[in-house]
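>>> Need coordinates for the below:
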Amino acid sequence: MPQSFSDPRRLGPRRWWALGAVSLAVLAVGLDGTVLSVALPTLATRLHASESQLQWFSSSYLLVLAAAMLPAGVLGDRYGRKRVMLIALALFAVGSAACAASSSSGGFIAARALLGIAGAGVIVMAVSALTVLFDERERPKAVGVWAAANFLAIPIGPILGGWLLTHYWWGWVFLMNVPVTVLGFVVVATLVPESRAVRRPGLDPVGIVTSVAGLVGVTYGLIEAGEHGWGTAGALLPIAGGLALLAAFIAWERRLGRRPGGRPLLDLRLFRSASFTWGVILAAIAVMAMIGVLFTMPQYFQGVLGTDAMGSGVRLLPLIGGLIAGALPADRLVHAAGAKLVAALGFALIAVGLLLGAEMSATSGAGSIAIWMAVLGAGMGLATATASSAALSELSDEHSGVGSAVLQAVNKTGGPFGAAILGSVLTSAYLARLQLVGVPAAAAHLARESVFGGVAVAQRLHSPALLHSVRAAFVHGTDQALVVSAAIALAGVLLAILFLPAARLSADLRPSGTESDVAVST
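Okay, the predicted model is just below:
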């Protein structure tokens, strides 16, 4: 029978094993996204995919992922978070197998959409589990482990995916998710306790429709802005429509919450807490700053240095090492100095690493790149663990599902937003420096599209001068994008100092008394 408990440490060491199970589930989801980027050239040939279809291979997943965040949170609070995670893991295995079995672009896009639904369930329930399993003192360390699992997929995906694409059938890059997901399913089923809200939240169909449609609109518009620029109607109209729907969602939730017996999807009292509100915002800002490196450096490694996907993944390892080094001691630093100072320090290190990276040239050595990426990673680990813990510390067990969904929805929207901004900066700086005098019109058009197109044109024309121009122009664009990312990180420093509470404060929603308002089955 479900039982209530106020101290998660009553689970003993089992809660750390449960965290390992949750982290494994998160790693399985993360691998899928990084592997796809490596597999796109192969998929274009095998599935006869157009450029538009290739974009939708990624966009369909991101759109559905954003749309499913809040519904996943309320379903977990209502029916059981462990149950929702297990269903999501099973769906993720099915979706991965469907990707490998796809014989057409349409079938592959449908499989990616299924993975988006499953990914939302895994991601939201993983964060919710941290709230249930760990108290405020231990939560920063737990969030650090969770963050490390999130980012560990960044180098592992390209390394393993590149090796599989080189030696085996392309479908294995998706089938490899199946055993990882199955293992995650088994250990979650064995080690993670079930929990749900005692007062089941309402399903709130109006709230679900407006929040889903709003998140889809904003995310789709940001994706379009990243692909085609900010001035296009295809970007501005969905963003404007999405923001209007999200405003309508908030107004409806406020109205529903004031009704006697009203059961809104999202309890807006959460945002009375500065720790929750600014923890959510700062976690998204950290992602926006980080996306500059994830967006530019794989292209730099492959387009400028000439490495393959595996080599690119290996060169990202210092970033992951730094992230782990920053995330794991975050709890001790927060205990000693407070969340405000530790978050500000994390963002400051991110800015320092990015500004060092902005000094990079086409001939920069591997050692210098590894150093600034490690500094950046350490800052990212500190900032992410501290900001996320600040938000989660203000969630009662009762609201951990929906609260975690808000954190992740804002976080996942920050990625496309940052990519759109930094993609525009990189493209404009690249085109401004690119020298195409005397290059045929068709070849010049291809060179303007991307650094890879420029390198291909230079090699086809046997033009060392053009090759140098392409690579120098892209490095200039990369440097500019990293400077903008550093500015975003410096904004994080300022916001953390001004608004993030120095210490975790008690939230209005935190249950009082000796028992938390959550049902837990052990």
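>>> Quick one: the helices in the stretch 51-200 of the chain, in order.
Using DSSP state H, counting those that start in this stretch, the helices of the stretch 51-200 of the chain run over 51-79, 81-101, 105-133, 139-167, 172-175, 177-191.
>>> Let me see the mean pLDDT of the third one.
Think helix 105-133. Helix 105-133 shows a mean pLDDT of 89.
>>> Ok, the fourth one next?
For helix 139-167, the mean pLDDT works out to 78.
>>> Show me which residues of it are buried.
Applying a neighbour-count criterion of 16 or more other C-beta atoms under 10 Å, one finds 139-165 buried in helix 139-167. C-beta here means a position set from N, CA and C on the backbone, and glycine is covered the same way.
>>> Check this protein and tell me which residue is nearest its centre.
Nearest to the geometric centre of the chain sits K412, at 5.1 Å (C-alpha atoms, centre = their mean).
>>> Might you report the residue contacts of that one?
By C-beta atoms under 8 Å, 6 or more residues apart in numbering, the contact set of K412 is L62, L65, A66, M69, T219.
>>> Can you check the pLDDT for it?
80.
>>> burial of G367, as a residue count?
Residues near G367, counting by other C-beta atoms under 10 Å, number 8.
>>> A472 versus that one, what's the distance?
For G367, the distance to A472 equals 21 Å [C-beta to C-beta, to the nearest Å].
>>> tell me the most buried of the helices of the stretch 51-200 of the chain?
The highest average neighbour count among the helices of the stretch 51-200 of the chain, using mean count of other C-beta atoms under 10 Å, belongs to helix 105-133 at a mean of 24.
>>> That helix packs against which elements?
Applying 3 or more C-beta pairs under 8 Å, 6 or more residues apart in numbering; DSSP states H and E, one finds that helix 105-133 makes contact with helix 14-46, helix 51-79, helix 81-101, helix 139-167, helix 366-393, helix 400-433.
>>> tell me the angle the last one makes with helix 51-79.
Same thing as helix 400-433. Orientation check (axes from the mean of the first three to the mean of the last three C-alpha atoms, to 10 degrees): helix 400-433 against helix 51-79 gives 160 degrees.
>>> next one: helix 400-433 to chain centre, how far?
Between the centre of helix 400-433 and the centre of its chain there are 9 Å (C-alpha atoms, centre = their mean, to the nearest Å).
>>> remind me, longest helix of the chain?
Longest helix in the chain by number of residues (criterion: DSSP state H): helix 464-499.
>>> what's the angle between it and helix 366-393?
Angle of helix 464-499 versus helix 366-393, following the same axes, to 10 degrees, is 30 degrees.
>>> Packing partners of helix 464-499?
Checking 3+ C-beta pairs under 8 Å, 6+ apart, helix 464-499 ends up next to helix 274-299, helix 339-357, helix 366-393, helix 400-433, helix 451-461.
>>> For stretch 473-483, which outside residues touch it?
Against stretch 473-483 from outside (C-beta under 8 Å, 6+ apart): 292-293, 295-297, 299-300, 303-304, 354-355, 357-362, 422, 425-435, 451, 454.
>>> Poorly predicted segments of the protein, please.
Along the chain, the model assigns pLDDT under 70 to residues 1-12, 41, 51-52, 55, 201-202, 396-399, 503-522.
>>> again, only using 50
The chain contains residues with pLDDT under 50 at 1-9, 504-522.
>>> and T181, which of the helices and strands packed on helix 464-499 is closest to it?
helix 400-433 (18.9 Å; C-beta to C-beta).
>>> Follow the chain on from that closest one and name the next helix or strand.
Remark: after helix 400-433, the chain's next helix or strand is helix 441-449, criterion DSSP states H and E.
>>> which of the residues in that following helix are buried?
In terms of neighbour count (16+ other C-beta under 10 Å), helix 441-449 has its buried residues at A443, A444, L446, A447.
>>> Closest to W56 out of these?
L446 (22.1 Å).
>>> coming back round to it: need the buried residues of helix 441-449 in JSON lines with distance to M373, can you?
Shown next, in JSON lines, are those (distance: C-beta to C-beta, whole Å):
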{"residue": "A443", "distance to M373": "34"}
{"residue": "A444", "distance to M373": "33"}
{"residue": "L446", "distance to M373": "30"}
{"residue": "A447", "distance to M373": "28"}
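>>> Show me which pair in those residues is furthest apart.
Taking C-beta to C-beta, no two of those sit farther apart than A444 and L446, at 7.3 Å.
>>> Check the contact lists of these two and give me the overlap.
Shared contacts of A444 and L446, defined by C-beta under 8 Å, 6+ apart, are found at V457.
>>> Pull up the gap between the closest residue in space to T190 that isn't next to it in sequence and L243, please.
Sequence neighbours aside, A21 is the residue nearest to T190 in space, at 7.5 Å (criterion: C-beta to C-beta, 6 or more residues apart in numbering). Counting by C-beta to C-beta, the separation of A21 from L243 is 37 Å.
>>> Same check on A447?
36 Å.
>>> now Q53
On the measure of C-beta to C-beta, Q53 and L243 end up 28 Å apart.
>>> and R254, what does it touch?
L268.
>>> what are the phi and psi values for it?
Per-residue torsions, R254: phi -60, psi -40 (degrees, to the nearest 10).
>>> What of the one 3 residues further on?
For G257, the backbone dihedrals are phi -70, psi -20 (criterion: degrees, to the nearest 10).
>>> And the one 4 residues further on, by the same measure?
Recorded main-chain torsions at G261 are phi 80, psi 10, according to degrees, to the nearest 10.
>>> quick revisit: of the helices and strands packed on helix 464-499, which is nearest A247?
helix 400-433 (15.0 Å).
>>> What residues sit buried inside that closest one?
Residues of helix 400-433 classed as buried: 400-427, 429-430 (neighbour count, 16+ other C-beta under 10 Å).
>>> And A420, how far from T413?
Remark: distance between A420 and T413 (C-beta to C-beta) = 11 Å.
>>> Now do the shared contacts for those two.
L222.
>>> which one of the buried residues of helix 441-449 is nearest V212?
For the buried residues of helix 441-449, the nearest to V212 is L446 (38.7 Å; C-beta to C-beta).
>>> ok, that closest one - contacts?
Counted by C-beta under 8 Å, 6+ apart, L446 has contacts G453, G454, A456, V457.
>>> In TSV, list those along with neighbour count and distance to G322.
Formatted as TSV, these follow (neighbours: other C-beta atoms under 10 Å; distance: C-beta to C-beta, whole Å):
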residue	neighbour count	distance to G322
G453	17	32
G454	27	31
A456	17	33
V457	24	36
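>>> and which of those residues is nearest to A325?
Using C-beta to C-beta, those come closest to A325 at G454, 36.3 Å.
>>> isn't the closest one right up against A472?
No. With contact defined as C-beta atoms under 8 Å, G454 does not count as touching A472 (10.6 Å).
>>> where's V342 relative to L62, distance?
Distance from V342 to L62, by C-beta to C-beta: 30 Å.
>>> if we can go back for a sec, closest one of the buried residues of helix 441-449 to L317?
Closest to L317, out of all of those and judged by C-beta to C-beta, is A447, at 31.2 Å.
>>> Not including adjacent chain positions, what is the nearest residue to that closest one?
Nearest non-adjacent residue to A447 (C-beta to C-beta, 6+ apart): G454, at 3.9 Å.
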